[in-house]
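K.L.:
build me a model from this:
(chains A and B)
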There are 2 protein chains.
Amino acid sequence: MAKPKEVTIYDLARKLNVSIATVSRALKDDPVVSKKTKKKIFDLAEEMGYRYNHFARNLREQRTYTIGVIVPRLNSYFMSTVIAGIESVVNNEGYTLLISQSSESAGKEVDSAKTMFNNRVDGLLVSLAYETDDLAHFDQFVKKDVPIIFFDRVADHPDGTSVLIDNRKGAYESTSHLIAQGCKHIVHITAPPKRNVYVDRLAGYKQALADHHIPFDEKYILINNLSQEAGAQAAAAILQMNPLPDAVFAANDNCAVGCMVALKKAGIRIPQDIAFVGFNNDPVSTVVEPNLTTINYPGYKMGEMAAASLINHLNGVNSIDATNTILLRSELIVRASSLKTTSDSE
Amino acid sequence: MAKPKEVTIYDLARKLNVSIATVSRALKDDPVVSKKTKKKIFDLAEEMGYRYNHFARNLREQRTYTIGVIVPRLNSYFMSTVIAGIESVVNNEGYTLLISQSSESAGKEVDSAKTMFNNRVDGLLVSLAYETDDLAHFDQFVKKDVPIIFFDRVADHPDGTSVLIDNRKGAYESTSHLIAQGCKHIVHITAPPKRNVYVDRLAGYKQALADHHIPFDEKYILINNLSQEAGAQAAAAILQMNPLPDAVFAANDNCAVGCMVALKKAGIRIPQDIAFVGFNNDPVSTVVEPNLTTINYPGYKMGEMAAASLINHLNGVNSIDATNTILLRSELIVRASSLKTTSDSE
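P.N.:
Model (predicted):
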């Protein structure tokens, strides 16, 4: 299983009986080489499997026309929507995406960054893992002037631009909406508050309570990985609470839905007994019954914005160096899961 | 915005005042270079941002320790589960995944293959786009002895191994189950029957009808992209049919769920009026009411199997050259959406 040897410009030159300089110039698309000779060289390069990253366009401009994307997980509707938004922009510009997931691990994020660096991506789009503390693995990109844009889960990196929504505001609106429905014992299900998105949503939840003179109670904060299964486990914890909470604000829809389904099985009526608000506006929010009130998170738009900023920077159209943060609009979508006032109440 | 120049072994040699040959040997981990000198060279290489893919391990073994994955779309629970299975295996072996999506476009699949090739992946895992006819873009890998494994949406490539389930059998069981529930007018919603998975499911559906002496009717085959929205549109088409069909077998759960939700809104009772079977066993199948009968598709296992075959081949443990197809087990999971016999019937 020995590998065949890598094809070099020497091989191409020998085979065509031209000089190495001619091959090198042809691959750089130098006008001194005739079109006919260039075609011969390109055809042979293709035929022999000469690796394309040595080709003219890349050498000339020092670009590989690949953009790296590092995300925590690929298993969410939100993330696949962001990636679709990114692709809609970069494909138009002739770039290919290379995607890597950190699986929420700091170590895997470091490995992914190394792989992206070694593959010479022209730019990097990153949403951080839960676990990441240190950002040193991005320094290699900064040193090489490879631009980095953080999205959703962002970092306060002096050389990175961030694209995000106002998570604090979204959570504030969600919680205030539940309070307006008469809820006073509001559980907040969230992930470990290490990343901005969870820190900010918790802050918004607390602020809404404070503004409505409802004391904050630590026992109402349930921390998990926000999966559907974790939502079912949170339901078990909620059923143990005395008195029963009258509302749940979950930091994503998946977890809210898992919790709702489990509570319904236990005979809890939604929203009459417990009202629900999620986050993201995933398609499942209109499948679960009652339909889930949630924050519409413009993932596609976020992908487009992050990618467009990166491409504009690479094309010298609009540098990101002066831009620190791009904030996108989000909105509360009220559905039946939270409407206590119009449902049969006890 | 000029890029800093790429660091070369010349730069390392000059800075350390050693010969180029010494640097080159050190990077190849040649024992003639002292450990002390090697450490100095490695440290400087790190500091100056010398690109790691020139480093010892890779040069010595001609490996990059990256595996390329090309998938049609990242927006499905099934695909993210497969990728999780792949990662569980390759990460253990010190490999990083580079993922690319074709978005169901043959042209984008060609571009992705080119990018993977230029990034010198050690192996390739591929699930084909709807549109792909020609497999010539994989020839470059075969020429370089870079192993390819197809999964789920596979190709009859003489040099590729395929990992899949028996789609025909799954569809046969689904359809036979609906027939056993008394259904005679069974709609099949599927994607364009170009790829094996859809061709085989359609064949299984037809075979089950034939074996139960139910005539096949072309008008019951609805072709779309299997999204939740497409399911809602299929519902509109179903409502126009006269007589109303008594069952739907959809080629994925997402589409089944979109169709169910829309039909329920139109006053159709499930399963009494129309019974439903999906495919994949996505989490949404236990959220929709009634819960969806479906085929459990072992995505995680599929990812593990595909990755393990590739890694074993790369490690020389077990060549894939003699293996054409690996078939995984799937099973029908019966839930309330298809149980006419135990529901209130008209």
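K.L.:
residues of the stretch 201-346 of chain A that sit close to chain B?
P.N.:
Taking Cβ under 8 Å from any Cβ of the partner chain, the part of the stretch 201-346 of chain A that reaches chain B is made up of A:228, A:254, A:257, A:261, A:283-284, A:286-289, A:313, A:316, A:319. All C-beta spots, glycine's among them, are computed from the backbone N, C-alpha and C.
K.L.:
7 Å instead?
P.N.:
Residues of the stretch 201-346 of chain A lying close to chain B by Cβ under 7 Å from any Cβ of the partner chain are A:Q228, A:V257, A:V261, A:P283, A:V284, A:V287, A:V288, A:E289, A:G316.
K.L.:
contacting residues for the residue nearest to the fourth one when sequence neighbours are not counted?
P.N.:
With sequence-adjacent residues excluded and distances taken as Cβ to Cβ, 6 or more residues apart in numbering or on different chains, A:P283 is closest to B:Q228, at 5.1 Å. Counting by Cβ atoms under 7 Å, 6 or more residues apart in numbering or on different chains, B:Q228 touches A:P283, B:N254, B:C255, B:V257, B:G258.
K.L.:
so what's B:Q228 scoring on pLDDT?
P.N.:
We have a pLDDT of 95 for B:Q228.
K.L.:
and the gap between it and A:T37?
P.N.:
Note on B:Q228: its distance to A:T37, by Cβ to Cβ, to the nearest Å, is 54 Å.
K.L.:
what number of residues lie near A:E46?
P.N.:
11 (other Cβ atoms under 10 Å in any protein chain shown).
K.L.:
what is the burial count for A:S174?
P.N.:
28.
K.L.:
mind checking which helix or strand it is in?
P.N.:
Counting by DSSP states H and E, the element that carries A:S174 is helix A:167-180.
K.L.:
which element follows that helix toward the C-terminus?
P.N.:
Next along the chain after helix A:167-180, with elements defined by DSSP H and E, is strand A:186-190.
K.L.:
direction included, what does that next one pair against?
P.N.:
Looking at strand A:186-190 with DSSP bridges, its partner strands are strand A:221-223 (parallel), strand A:247-250 (parallel).
K.L.:
closest one to A:A84 among those strands?
P.N.:
Comparing these by their distance to A:A84 (Cβ to Cβ), the top pick is strand A:247-250, with 24.1 Å.
K.L.:
buried sites along the closest one?
P.N.:
Within strand A:247-250, the residues that count as buried by 16 or more other Cβ atoms under 10 Å in any protein chain shown are A:A247, A:V248, A:F249, A:A250.
K.L.:
mind putting the residues you listed into CSV with pLDDT?
P.N.:
Output for the buried residues of strand A:247-250, formatted as CSV (pLDDT from 0 to 100):
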residue, pLDDT
A:A247, 98
A:V248, 98
A:F249, 98
A:A250, 98
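K.L.:
show me which residues of the stretch 51-200 of chain A sit near chain B.
P.N.:
Counting by Cβ under 7 Å from any Cβ, the stretch 51-200 of chain A sits next to chain B at A:51-53, A:62, A:66, A:74-75, A:77, A:80, A:83, A:87, A:91, A:96-100, A:103, A:108, A:111-112, A:114-115, A:118-119, A:140, A:143-145.
K.L.:
next step: these restricted to strands.
P.N.:
Those of those mapping onto strands are A:T66, A:T96, A:L97, A:L98, A:I99, A:S100, per DSSP state E.
K.L.:
hang on, the earlier thing: among the residues of the stretch 51-200 of chain A next to chain B, name the buried ones.
P.N.:
With neighbours counted by 16+ other Cβ under 10 Å, those contain buried members at A:51-53, A:66, A:74-75, A:77, A:80, A:83, A:87, A:91, A:96-100, A:103, A:108, A:111-112, A:115, A:118-119, A:140, A:144.
K.L.:
name all residues that make contact with the residue lying closest to A:S176 once chain neighbours are set aside.
P.N.:
Excluding its sequence neighbours, the residue lying closest to A:S176 (Cβ to Cβ, 6+ apart) is A:A208, at 4.6 Å. A:A208 makes contacts with A:Y172, A:T175, A:S176, A:I179, as judged by Cβ under 7 Å, 6+ apart.
K.L.:
pretty sure the first one sits against A:Q207.
P.N.:
What that stands for is A:Y172. Yes. Look at A:Y172 against A:Q207 with Cβ atoms under 7 Å: they come within range, at 5.5 Å.
K.L.:
fine by me, thanks again.
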